[in-house]
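Peer 1: Coordinates for the following, if possible.
(2 chains)
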Amino acid sequence: MPAKSKSFPFCAIVGQDDIKTALMLSVVDPSLGGVLALGDRGTGKTTAVRGLAALLPDIKAVSGCRYNCDPVAASGACELCGTGKDLASQKSKTVPVPVVDLPLGATEDRVLGSMDIEKALIDGEKSFEPGLLANANRGYLYIDEINLLEDHLVDVLLDVAASGWNVIEREGFSLRHPARFVLVGSGNPEEGELRPQLLDRFGLSVDVETPRDVAQRVEVIKRREAFEADPAAFIKKYQRQTSRLRSKLLAARSKLGGIALEDDILALIAQICIALGTDGLRGELTLIKAARAQAALAGDDKIHPHHVRAMAPMALSHRLRRDPLDDARAGVRVEKVLDDIFSARSVA
Amino acid sequence: MDGTVFQDIGMADELEQALWSDACLAAQVFAALVKDGQFQNAGIAVKAQAGPVRDIWMDHLRALLPADVTIGQIPIDVSVERLLGGLDLGRTLAAGRAVEMTGLLAAADCNVLFLPVAGLAEDSTVSLLAASRDTGDVRIERDGVSDARPARFGLICFDESEDADDAISKVLLDRLMLHIDLRSISIRSAGSSGIKDEIFSQETAISDQIRGQICAVTAAFGLISMRPAMQMVALTKVLAQFQGRTEVDEDDVAVAIRLSLVHRALQIPAPPEPDEQTEPEQQPSPPEEQHSQEQPKPDNQGDAAEAQTDMPDDMMLETVQASMPPGLLAYLQASAAAQKRRSKTGRRGAKTLGAKRGRPLTSRKGALTTGKRLDLVATLRAAAPWQRARRLATGSDLKVHVRKDDFHVRRYHQHSETSTIFVVDASGSTALNRLSEAKGAIEILLGESYARRDYVSLISFRGREGQVLLPPTRALVRAKRSLASLPGGGGTPLASGIQTALALAQEEWKRGRDPSIVLLTDGSANVDAKGQGGRKNAAEDAERYARQLGLSGMSSILVDIGRRPQKRARHLAQLMDAVYLPMPFADAKSLSQAVKATQ
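Peer 2: Now for the predicted structure:
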């Protein structure tokens, strides 16, 4: 049970297309700004995120660097690696993409990093002990039940996620280190509202639901049973699918820069955002990025309207100005506006 | 039915016997799972009051468990530190190096934990238990300690709740396989029971048909999450092994339904109701008259089930019905109804205000008592100047000499949470003209409360008494839903409305929240505190409770929803020591300002 490496294969997850798509897009374009998964207990949110780890290709990192700095790109390197003469000449190692799980009850010092207690006690020496944010650099930070996290910790996390840097100015330390990670949060809205400011900071948000169809539920159970009986064999069974998906994602990532964005698509995106009344420009920017990543994933050369259509719900539904007394769920409102806009287009 | 082993039970009635034999069978399953090392499945929720029956059951379970398995109790007010472990300060300071302390969860690895009064457990306790049951380990990232330890344990939860207020969290229920109910079992029924030989050797097969049946049946009981279905699969396998079979059959499913599903059902599948019952509802459903519990005849079930694709098929319904001992269905419905009736407030054991959260302030010198967090840096800084002197004085060569006097603890500043209680006159007279305006006013205030992340709750009074329609919640969607379905009509039991509000306010206050009451009324009353008609008594009772509210010191606002300002409403406001706001003049802004001002 405790073996972390043996997580349930991503490709073996039954249904759950929305969260799978959102996570795949975040691999194609990590700058999308994180994924928020909302849903009931026992819907497999955690399984999906953990399954992603096995899927991701390994990365190269400067060996000995506590922040897994990229030996190739000097920008965004930590203070040690950044001042080093020549990054390329440094020894490098291959490491799996970090997927850091923020456990419940984690204290601020372990999340942000703080003084090394052992050294302080034994040698009276003040040295910085990096926290989970450092471990998550260039990877994923997963927070289950993000609504249970203390507010100020969430604020700090979102700041770091947005800037890519963890800045420490306390306990006599004054330093900063790179912390570029994709934030994946999960939560259950029935157990406490998420603050609107928090919602808006996530790139994509998806509703996760348990499959209601009996056949699908049976399939979920069977795969679970098979996995628990023999994890290694089960993972092996899905190995080919996993590696196929991995190369698809890598291909999409390298293609991303070449995806064309035409003016009429920009106009369409603006039209959707105006019709929905989303605040600020974050909605537009995320929708562009998501549609581009989706186009890359589909192997297209430019963003088509149907990419926009497919991505709009997860890029926008959490950004609508909340009318606390409107009964309709945000997703429903988005769908309605999209239907209107797209049916008008097809007529024209 | 599985009555073969339990023949020596006394002469109690059939249902009691059936419930007791289920309870004993559940204990056997639990023990077998622990022996087999299936700790993530070994979980049981026991509905029972403290008493001899529960003790007998617990002794029974203990006897079944292997001798080397310990049952560790989780104190109800256990701290996160204690559960997870972390830095052992005392030993760390003595040893001069970081010493880790093992938490309760890791210490219970391969053993059993026991949570008494599970409904009162803090959210943090529930979440930590749930997380370690999911992963089989605990991860510690606290106070400079970073570690992961195995924590596979069986879990026994006692549920003493009389009503929905302090029921076990759904997070936990979802992760416990077995659910039994001892509340109605009398001591004479709680006799001894035979012990089954467990057979845990061979693989147990389960067919797709049975899996499908399990999926349909869990959904039919309103348990949508996949966990109960997975638990049913594991449970039926154990039951088949008990019977010496190597393949799960329908009898196992029938027994498993009793042991795992019926006592946590969110809906009872026998009458396939096509209404909104699919959604788990904690709040008392507004008017009982509308939901009269009728028992549809079994012969028309087929069509109803066909209509809904996700509903179980005939065969499944038969299995469910065959699995129920006579009278169980009625018993379940009665206890669910009683629970709803008694339900006064929202969930208990919510956040306590501690010195652990909020905006950090500068650390102060102080004793390190429970719940305080050491500010290590400040402590070391305080100790630094004395190092040489202490080294000389003690002659020891410890690197760091820290004394108790050096301890600095962290301090936090926290706004206390506010809780706004809306009390609405929904009687016939109001319903006719002013109820929609009153709803409008509440909607405005709800929006405001939402922005401030307040708790809100809704009480309406109509007919004979006041009723909590929405226990304190932050989930605005729920508030909205219950406001939208707020029924109107009937008499005006103002006294009961005020009384209910005061009781709720006091509970909120005990919870460490800051309650304020917003009463929407025109001051008229025609039903007294006992539910009897009569204007004179009704008005007197209302005044009495209003005075009581005033004396309690709870802050309140009275919004006069009469067509024009009413004298008696103003008088009532004076008694309540409330801010008086006549609605004809109260626009959205002044309303919300008034609420803010009282908090």
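
Peer 1: Which stretches in chain A count as strands?
Peer 2: Taking DSSP state E as the test, the strands found in chain A are A:35-39, A:59-62, A:92-95, A:99-102, A:114-115, A:128-129, A:139-143, A:165-170, A:173-178, A:181-187, A:204-208.

Peer 1: By mean pLDDT, show me the worst of the ones you listed.
Peer 2: In terms of average pLDDT, strand A:114-115 trails the rest of the strands of chain A, at a mean of 78.

Peer 1: What strands line up against that strand, and which way round?
Peer 2: Counting by DSSP bridges, the strands paired with strand A:114-115 are strand A:128-129 (antiparallel).

Peer 1: ok, back up a step: among the strands of chain A, which is nearest residue B:228?
Peer 2: strand A:35-39 (16.3 Å; CB to CB). For every residue, glycine as well, the C-beta is placed using N, CA and C.

Peer 1: Can you name the element that comes right after the host helix or strand of residue B:505?
Peer 2: According to DSSP states H and E, residue B:505 maps onto helix B:494-510. Remark: after helix B:494-510, the chain's next helix or strand is strand B:514-521, criterion DSSP H and E.

Peer 1: That following strand: partners in the sheet, and parallel or antiparallel?
Peer 2: Counting by DSSP bridges, strand B:514-521 is paired with strand B:418-425 (parallel), strand B:555-560 (parallel).

Peer 1: Kindly reformat those as a markdown table containing mean pLDDT and mean neighbour count.
Peer 2: Compiled in a markdown table, the strands paired with strand B:514-521 are given as follows (pLDDT from 0 to 100; neighbours: other CB atoms under 10 Å in any protein chain shown):
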| stretch | mean pLDDT | mean neighbour count |
| --- | --- | --- |
| strand B:418-425 | 85 | 26 |
| strand B:555-560 | 83 | 25 |
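
Peer 1: In JSON lines: those, plus distance to residue A:135.
Peer 2: Below are the strands paired with strand B:514-521 laid out as JSON lines (distance: least, CB to CB, whole Å):
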{"stretch": "strand B:418-425", "distance to residue A:135": "38"}
{"stretch": "strand B:555-560", "distance to residue A:135": "48"}
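
Peer 1: Specify the angle between the helix or strand containing residue B:569 and helix B:494-510 in degrees.
Peer 2: Element membership for residue B:569, per DSSP H and E: helix B:567-576. Following axes from the mean of the first three to the mean of the last three CA atoms, to 10 degrees, one obtains 30 degrees for the angle between helix B:567-576 and helix B:494-510.

Peer 1: Find the nearest non-adjacent residue to residue B:114, please.
Peer 2: residue B:156 (4.6 Å; CB to CB, 6 or more residues apart in numbering or on different chains).

Peer 1: How about residue B:506?
Peer 2: Here the residue nearest residue B:506, using CB to CB, 6+ apart, is residue B:552, at 7.2 Å.

Peer 1: I figured that neighbour hits residue B:504, correct?
Peer 2: No - applying CB atoms under 8 Å as the test, residue B:552 and residue B:504 come out as separate, 12.0 Å apart.

Peer 1: among the strands paired with strand B:514-521, which is nearest residue A:34?
Peer 2: Nearest to residue A:34, of these and by CB to CB, is strand B:418-425 at 31.2 Å.

Peer 1: Look through the stretch 151-300 of chain B and state the residue closest to chain A.
Peer 2: Distances between the stretch 151-300 of chain B and chain A by CB to the nearest CB are smallest at residue B:225, namely 3.3 Å.

Peer 1: Check what pLDDT that residue gets.
Peer 2: 84.

Peer 1: again with residue A:238
Peer 2: 92.

Peer 1: and the closest residue to residue B:267 other than its chain neighbours, how far is that from residue B:473?
Peer 2: In space, and not counting its chain neighbours, residue B:267 is closest to residue B:222: 3.8 Å by CB to CB, 6+ apart. Applying CB to CB, to the nearest Å, the value for residue B:222 to residue B:473 is 20 Å.
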